[in-house]
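>>> Sequence first, then the predicted structure:
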Amino acid sequence: MDNRRVGRISMGMAQSESDILIVGGGLNGPTLALALAQAGLRSTVIDALPVDRQVDPGFDGRSYALALASQRMLRALGLWGALADRAQPMLQIKVSDGRAGEGAAPWWMHFDHGEIEEGPMGFMVEDRFLRSVLLEAMEAAPEITHLSETRVVAQDSSATGASVTLETGETLTGRLLVGCDGRSSGTARRAGISRTGWGYDQTALVCAIEHALPHEGCAHQFFMPAGPLAILPLPGNRSSIVWSERTAQARQIAALDDAAFLDALRPRFGDFLGEIALAGDRFTYPLGLTLANALVAERLALVGDAAHGVHPIAGQGLNLGFRDVGALAETLIDAQRRGEDFAARDVLERYARWRRFDTATLAVATDAVNRLFSNDNPLLRLGRDLGMGLVNALPGARQRFIREAAGLTGDVPKLLQGRAL
């Protein structure tokens, strides 16, 4: 075996057997391994990316909007202390409708964290910090083996366990296989789990900007005919941009140099934060909806984008994955403590039932909102603007929205309540 490619971060040899085999070393996979480790369950995290690509200290513009419930989970796992000083609290959210160069419509929604008792609605955290904290925590956990720069080429499951074959030819065995390997999940595909979904003919242009004026911890969602523009506050006078455009237009914008890109962004962004400049790299990714037609199979469970990929319109993609992590960890640990086979199909179905409604509800909601707002139909514009004005005038409606955005509603897993398992 090539120890430069397979082993713990510290380059130790791989274990031949774990309780759980986790395919995918992004954010959900390591978080799940750390949650399970608190109950002594051993995991092997199989990560296609090399470690050095994930711990680059430079800022590349990628950031995440963590709902308050997700922050509570990271705190319960002992991770938040290393992130707190690097996170930007989201204290307000402003939602408006309009057109590029014309500004916002007269009806809009404004949500303030002061309307709930729990604190900020969420936090913005840069990718480089979150990944580094997860990697360091995995390295320190004796229950976790991290195999970096390693790919799974085959898998198998039976009534007694699961196994994966690596591209090196090595076979790893465990009691449960968990797919955390994204929207094109090989774990789901090899298990014969099909997907339902469609594209939106939209592409997200993602970057970070520096601006002259302070953002005061306010996140903005500006709905334009081609798609929404999210402006999310980062520490200092910086913001993360998720700009949805029709795919043909997005390709043209992505091909521009930095100066021309900013010229295209300014009419949409406006001047409320003063002069703007790029900070970090630019990225693009296609937008669509994709749902796995099953969340579990024999000795197998899906988590995060492997289970569901939704439109970023509400910034809930990672939060939805973290809710999966909390629910699966709680289900497995509770079963283990009761003396059950935690990887048995009936146990895994508890996880599936728990997550199915939340997943479907958010998928339907993001799809409907994107279709309602990503157009320039005058009747729809009038209806949605009046609707936003009505919601903004009702304190109870505003509070329900804030609690939903913060991840505080529904059947919330213990970890996302800030409670240890």
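Perfect, I can see it now.

>>> top strand in this structure by residue count?
In the chain, taking DSSP state E as the definition, the longest strand is strand 195-211.

>>> What helices and strands are in contact with that one?
Judged by 3 or more Cβ pairs under 8 Å, 6 or more residues apart in numbering; DSSP states H and E, the packing partners of strand 195-211 are strand 227-234, strand 238-246, helix 247-254, helix 258-269, strand 276-278, strand 283-292. No exception for glycine: its C-beta is placed from N, CA and C like everyone else's.

>>> List the buried residues in the fourth one.
Residues of helix 258-269 classed as buried: 261, 262, 264, 265, 268, 269 (neighbour count, 16 or more other Cβ atoms under 10 Å).

>>> With stretch 129-143 instead?
When neighbours are counted by 16+ other Cβ under 10 Å, the buried residues of stretch 129-143 are found to be 129, 130, 131, 132, 133, 134, 135, 137, 138, 141, 143.

>>> Next: stretch 240-251.
For stretch 240-251, the neighbour count (16+ other Cβ under 10 Å) marks 240, 241, 242, 243, 244, 245, 246, 247, 250 as buried.

>>> so what's the fourth one up against?
Under the criterion of Cβ atoms under 8 Å, 6 or more residues apart in numbering, the contact list for residue 243 reads 204, 205, 206, 227, 229, 230, 265, 268.

>>> Tell me how many other residues crowd residue 127.
Using other Cβ atoms under 10 Å as the criterion, residue 127 is surrounded by 18 other residues.

>>> Find the nearest non-adjacent residue to it, please.
Excluding its sequence neighbours, the residue lying closest to residue 127 (Cβ to Cβ, 6 or more residues apart in numbering) is residue 62, at 3.8 Å.

>>> where in the stretch 301-421 of the chain is pLDDT low?
Flagging of the stretch 301-421 of the chain using pLDDT under 70 yields an empty set of residue ranges.

>>> make that the chain, sorry
Counting by pLDDT under 70, the chain shows low-confidence ranges at 1-16, 57, 59, 103-106.

>>> Next, the residue nearest the centre of the chain: phi, psi?
For the chain, the residue sitting closest to the mean C-alpha position, by Cα atoms, centre = their mean, is residue 318 at 1.4 Å. In this entry, residue 318 is assigned phi and psi values of phi -70, psi -40 (degrees, to the nearest 10).

>>> Help me confirm that it comes into contact with residue 62.
No. Under the contact definition of Cβ atoms under 8 Å, residue 318 does not touch residue 62, with a separation of 11.3 Å.

>>> residues shared between the contacts of these two?
The contact sets of residue 318 and residue 62 do not overlap (Cβ under 8 Å, 6+ apart).

>>> Name all residues that make contact with the residue nearest to residue 133 when sequence neighbours are not counted.
Setting aside the residues directly before and after it, residue 133 is nearest to residue 82 in space (Cβ to Cβ, 6+ apart), at 4.8 Å. When contacts are counted by Cβ under 8 Å, 6+ apart, residue 82 is found next to 129, 133, 136.

>>> Thanks a lot, catch you later.
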